[in-house]
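just to be clear, the model below is a prediction. Sequence and coordinates:
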Amino acid sequence: MNQENNPQREEEQIKQEAIKEELLRKECLRNSLSQVKDMIRRESRDLVTFAGDASISYQASADAEVFSFEPEENKVVVPALWFIEKGYSVEETKFAFYHELGHFIDMRKNPRAYLKHFEQLEQGAEGAGNHISEIMAEKNRDDQPLPDQDLVTDFAYQELYTLYTVFDDIYVNDLVRKRSPYYATAEGYHHVASLYQKLGYDQENLMTLPKHQQLIYYLFQNELKGGAAHITRVDPQVLALINKKILGRDLREIVDENLKPRVGKLTDPEKRYQIIRHIIQPMYLELLYDELRGLPFSDIIGAPDSSRTKKNFRGRSKRKEEDPGVSSEEETNHGEDFNPFKNSPQGDPKQEAISQEQIKKILEEFAKQDTYNNMSPEEREAHNREKAKAEFDQKHGIASLERTDYESIRASVTDYRNSMRMFWKELVERSIEYDDIVMDKKRRGRLNVDSFVGEYPNIIENQLKGIRYHPLIFDEVEVKPSAIEKPETIQVSFVIDCSRSMDQNKIIAAKQAACLTMLSIKDFNIYLDETRKEINNKLKVYSEVYLFGTGFQKVKEFERSKRFQKNEADIIKSITAIRAIKGCTNDALTLADILNTLSLKDKLMLKNQKLKKIIFEITDGEPDHPLETAARIQQLIQMGIYVFGFQIGEVNETESYLFNEVWNNNIPGLQLGIAIGQDLKSLPEKLTVTLKNALKDMGVRS
């Protein structure tokens, strides 16, 4: 029995151990988060002084694996996990903060130079990749398949990227020392060296690396150790290049004089990259090419996967075979150590690619900020409008062509819209009555004789006693506005012909009429909201849009939401949806749908004049079923709904006759049809005049 239970006990014990480990990990993470937060709070003043920007915030993160910067929030994210991994001291941690900030300070100096640098990197990688392919082709004696050119270019890009990031780190580390002099002291150098030792960047024997990388890491070590790089071992060929005089300066002197910041002055990254590109990059690439020429073709090619190919390109496997005395410690790959710096050299190629995309986004944001800061107030206002518009369109799924179409239509009705704004204001003002409300028993105002007679004995008595007495014997008249009893809701429906006979000019006229009216209704609602408290008015105005041909489609519902942006988006989409489609002119079907969708509440409100419903139909031809259309119009009128038809474009005698029969001779005494003809530009104006006339019983005459 005991033996049978042993496996279960072991399994349970394993689970318990796993739970304990997880609890311990979480506890360590909590402690680390607490330590990082304490450090941020404790060192906040020094961080502000170093960055020269009090607006930057710092956030400890349990999820982040690397330092990162979020330019939209101006925030540095600090990875708590990083501190758990190695147990960094306060001084090492502060240097990490400063190092990261140094990169952002440098990028902020000239973000466009950085973005241009990435483009030049790609161009340089393409040229270097072609040269490497030529070397491989020369060494390919057996006509073996060559690696894909994209793979070779990617490899060349990574090597060039490593070159520049090493010098970025040199620049940033020196910037830290200049802005935080503690790290320029012997003790400070010790902490920096300790930090890089934990990161795996303190090798004194660089002979295990390819010569081109020996060159840059020697210069990196020289900066790291305060000019004591002579203790670092490199290939004699590499050392000769470092000591070679160029315009009277060796590479160490060129780095010190041109690739580091001045006291109180940042070096423009564009200038720095030019020097690296013209002086150091040719040496670096030539050493890389020599390295590849010295390898057998089979070692360069390696396996077909990119990771082994890159490993063989670097020549590490070859070197270890040639020098069996090299220890495993010396052979350490820098990229395998956990690296908190996004820009640090020798990281994992995949991680580096991700970091570059992150860096580009930050640079683009910085460049946008610079452009914005250099704008005039007028340009800034226009920029803000365009930005808000773009964000709006993205949120509501409005395509660029839709936006362009809508803006063009909206601009064409601006004058009419301004006129309608005055109409709505007058409408509201004339729908207000002012009542005189008399408020009696006041200390001042108009004498109330009855109050005076009643108070007279008290007045005399207080005068005899010498008491100051203020009798309440006056009236005050207060004027209060009140809304005339009018409809609570106005609904405007557009029924627009989109049959095949509607040409482009007719469609534009229909769009303009619908756009003008819907935007005017929006303006009216805004004005009502602004005056609602003053006059206690419940009125709201809504719009909907139908498109018809053989069938019909409702492209805009009545506003059901108080969300301003959604209603705005619905207007844009409905305007841009108006376009000619194949089909006939079956308007009767659409009018029937409006009738059928009337709720019992709608009918009751129409009867009690709490709802005013207006339909505008815009068409260019004769209806398919004129008798049915006329019947629907009669039904709508009987329900208390206003219906108006606008015939646009050139029409023949038959079309004109049928339009008048349906719209003007259908109901005696009512002229509901308006022939616009070929004067399409007059449609928006005549439609709005018709709307004004329909609303004249609300206090405004046409």
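On my side now, so go ahead. Numbering: from 1, shown residues only.

so where's the stretch 451-600 of the chain shaky on pLDDT?
Within the stretch 451-600 of the chain, the stretches with pLDDT under 70 are 452, 475, 477-485, 533-536, 561-562.

where along this protein do the strands fall?
57-61, 68-70, 75-79, 432-442, 446-447, 474-483, 489-497, 540-548, 552-556, 611-619, 642-648, 673-677 (DSSP state E).

residues touching the nearest residue to residue 641 once chain neighbours are set aside, list them.
Once flanking residues are discounted, residue 641 sits nearest to residue 613: 4.5 Å by Cβ to Cβ, 6 or more residues apart in numbering. All C-beta atoms are positioned from the backbone trio N, CA, C, and that covers glycine. Residues near residue 613 by Cβ atoms under 8 Å, 6 or more residues apart in numbering: 490-491, 493, 602, 606, 639-642.

only the buried subset of those, as a ChimeraX command please.
Burial among the contacts of residue 613 is assessed by 16 or more other Cβ atoms under 10 Å; the matching ChimeraX selection reads:
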select :490,491,493,602,606,639,641,642
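
which of the contacts of residue 613 sit farthest apart?
Farthest-apart pair in the contacts of residue 613 is 490 and 639; separation 15.2 Å (Cβ to Cβ).

including distance to residue 269, could the strands of the chain go into a markdown table?
Output for these, formatted as a markdown table (distance: least, Cβ to Cβ, whole Å):
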| stretch | distance to residue 269 |
| --- | --- |
| strand 57-61 | 24 |
| strand 68-70 | 16 |
| strand 75-79 | 20 |
| strand 432-442 | 65 |
| strand 446-447 | 81 |
| strand 474-483 | 65 |
| strand 489-497 | 58 |
| strand 540-548 | 54 |
| strand 552-556 | 52 |
| strand 611-619 | 60 |
| strand 642-648 | 62 |
| strand 673-677 | 64 |
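
now the residue nearest the centre of the chain: how far from residue 91?
Centroid-nearest residue in the chain: residue 391, 6.3 Å away (criterion: Cα atoms, centre = their mean). Residue 391 sits 44 Å away from residue 91, going by Cβ to Cβ, to the nearest Å.

what's the answer for residue 64, then?
Relative to residue 91, residue 64 is positioned 22 Å away (Cβ to Cβ).

likewise residue 405?
Distance from residue 405 to residue 91, by Cβ to Cβ: 62 Å.

can you pull out the helices in the stretch 151-300 of the chain?
186-199, 211-224, 236-243, 251-258, 269-275, 281-293, 297-301 (DSSP state H, counting those that start in this stretch).

most packed of the ones you listed?
Among the helices of the stretch 151-300 of the chain, helix 211-224 has the highest mean neighbour count (mean count of other Cβ atoms under 10 Å), at a mean of 24.

circling back to that earlier point, figure out which of the strands of the chain is closest to residue 361.
The closest of the strands of the chain to residue 361 is strand 68-70. By Cβ to Cβ, the value is 9.7 Å.

how about residues contacting the closest one?
By Cβ under 8 Å, 6+ apart, the residues outside strand 68-70 that reach it are 75-77, 100, 104, 342, 358, 362.

how about these in JSON lines, adding neighbour count, pLDDT and distance to residue 579?
Below are the contacts of strand 68-70 laid out as JSON lines (neighbours: other Cβ atoms under 10 Å; pLDDT from 0 to 100; distance: Cβ to Cβ, whole Å):
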{"residue": "75", "neighbour count": "15", "pLDDT": "83", "distance to residue 579": "46"}
{"residue": "76", "neighbour count": "20", "pLDDT": "81", "distance to residue 579": "51"}
{"residue": "77", "neighbour count": "18", "pLDDT": "82", "distance to residue 579": "48"}
{"residue": "100", "neighbour count": "24", "pLDDT": "82", "distance to residue 579": "54"}
{"residue": "104", "neighbour count": "21", "pLDDT": "82", "distance to residue 579": "50"}
{"residue": "342", "neighbour count": "21", "pLDDT": "33", "distance to residue 579": "50"}
{"residue": "358", "neighbour count": "15", "pLDDT": "76", "distance to residue 579": "43"}
{"residue": "362", "neighbour count": "22", "pLDDT": "80", "distance to residue 579": "43"}
